[in-house]
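# pasting the structure only:
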């Protein structure tokens, strides 16, 4: 019986716990012995590794975050510490590793494989949905639903008090969350890093809307834009003539119960990861595209910058 381990690296997402649960169940089904690595690559270095079974994942499928913890590890960037991690895995006869994470996590995984030949598979897991080569990352649907619920609640106050609300989503370098949330919530304004803007360009249109009866505005902005949300609120008040407020959603977007879709995607990602490791895919990332699930090399995934789907950007022209 072969031994296989799983770890989470980088930011947590809702969907990790369903993936962890199914990892244990599917590993056992495939006659593998599953292990948890706690606290990401730091746990590999510190030998925080434990054999697990069904009892260890009971009752976690509906929980956000990750039962096994996550971390960002500067030490793992050092070959000396990667050697320690390899020695720890060897001591437990673990020769396969699944990593839930993003670009940085996958680069560390690639270096680990090239130095020590541990069979590895990455599962894209980030609410920013900004990993090249995959159309979907685990946790995105849960984050979008948290944002949708928040916007719907804020709209109640906006309409009651005739206010403009500037709602900031996560997305330091990628505007995916803001874009999809704006399109699906009927926002009047959406500002993202991928599209340059001049807020004054909206002045005539918004004043016309108010003259024709608009009583409130919903503006969705990504944290990655160069303009401070408070400046946008000030512009609404001083230029458009409507009382304004700012709501920073922050880390609420990363928590909460995983949606049914993320639970299903976790199931599928894990199946492909383990099947690939048992087959010929010894150093890959599972990507979900219009053609279904595809194994791609880590170099292919991390070697190019992520770009938003042009079709989605075209839809933004109507916002």
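Sure, I can see it. Values in this document were obtained by computation on a predicted structure and should not be read as measured data.

# other residues contacting the least confident helix or strand in the chain by mean pLDDT?
Within the chain, no helix or strand scores below helix 310-315, which has a mean of 90 by mean pLDDT, DSSP states H and E. Helix 310-315 is touched from outside by 179-180, 183, 194-195, with contacts defined as Cβ atoms under 8 Å, 6 or more residues apart in numbering. Quick note: C-beta positions are derived from backbone N, CA and C, even for glycine.

# check which residues of the helix or strand that contains residue 230 are buried.
With elements delineated by DSSP states H and E, residue 230 resides in helix 229-235, which encompasses its position. Under the neighbour-count criterion of 16 or more other Cβ atoms under 10 Å, helix 229-235 has 229, 232-233, 235 buried.

# report the central residue of this protein.
Centroid-nearest residue in the chain: residue 126, 1.6 Å away (criterion: Cα atoms, centre = their mean).

# wait, residue 38 touches residue 69, no?
Yes: between residue 38 and residue 69 a contact is recorded at 5.2 Å, counting by Cβ atoms under 8 Å.

# all strands for the stretch 51-200 of the chain, in order.
Remark: strands assigned in the stretch 51-200 of the chain by DSSP state E, counting those that start in this stretch are 94-101, 119-124, 164-169, 189-191.

# pick the most deeply packed of the ones you listed.
Mean neighbour counts were compared across those using mean count of other Cβ atoms under 10 Å; the top stretch is strand 119-124, at a mean of 27.

# could you check how far residue 12 is from residue 181?
Going from residue 12 to residue 181 by Cβ to Cβ, to the nearest Å gives 20 Å.

# so between those two, which is more surrounded?
Counting neighbours by other Cβ atoms under 10 Å for residue 12 and for residue 181 shows that residue 181 has the greater number, 27 against 22.

# now that one: how far from residue 146?
Separation of residue 181 from residue 146 (Cβ to Cβ) stands at 10 Å.

# same question for residue 102.
Separation of residue 102 from residue 146 (Cβ to Cβ) stands at 19 Å.

# mark out where each domain of this protein begins and ends.
2-139+258-304, 141-254 (automatic domain parsing).

# which regions of the protein sit below the pLDDT cut-off?
Along the chain, segments meeting pLDDT under 70 are nowhere present.

# and for it, the residue most distant from the center?
residue 211 (40.3 Å).

# circling back to that earlier point, hey, which of the domains of the chain is tucked in deepest?
For those, average neighbour numbers computed from mean count of other Cβ under 10 Å are highest in domain 2-139+258-304, which has a mean of 20.
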